[in-house]
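Asks: everything below, folded, please.
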Amino acid sequence: MQLPVLFKNIMEALALASLIDDEKYLDDCQFDLWKQSYVVACTIVYGKLRRSRRLDAVQSGYTALSIVKQGDLMVVANAGDSRVVLGTTSNDDAITPSSSSST
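Replies: Take a look at the predicted model:
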């Protein structure tokens, strides 16, 4: 299972659980949902790395790229040596960068 699908499934399960528990309204716990989903997804991926006989999880590098878009708001984050470049394409397939580095 790919990480984006796994992440989406975890988000949906946590959102449903929070609605069932009725402790908080969904709007009040969005950050908690994102944080829990991200931690669970990373834990699952790390577990898969540890079980792999072909990869050394201890000696492997780490990088993460995250994009969260809700309505008109988009938050992009990175950890490690990867960067995100946002852009658009036109009808002639020309690529136009729409972001700049903030590091």
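Asks: give me the mean pLDDT for whichever helix in the chain runs longest.
Replies: Counting by DSSP state H, the longest helix found in the chain is helix 30-51. What helix 30-51 shows for mean pLDDT is 77.
Asks: in it, what's buried?
Replies: Using 16 or more other C-beta atoms under 10 Å as the test for burial, helix 30-51 gives Q30, L33, W34, Q36, S37, Y38, V40, A41, V45. Any C-beta I mention is one placed from the backbone N, CA and C, and that applies to glycine too.
Asks: after that helix, next one along is what?
Replies: Reading on from helix 30-51 to the C-terminus, the next helix or strand found by DSSP states H and E is strand 64-70.
Asks: what helices and strands are in contact with that next one?
Replies: Contacts defined by 3 or more C-beta pairs under 8 Å, 6 or more residues apart in numbering; DSSP states H and E place strand 64-70 against helix 30-51, strand 73-79.
Asks: can you list contacts of that strand?
Replies: Residues outside strand 64-70 that contact it (C-beta atoms under 8 Å, 6 or more residues apart in numbering) are 34, 38, 42, 74-80, 82-84.
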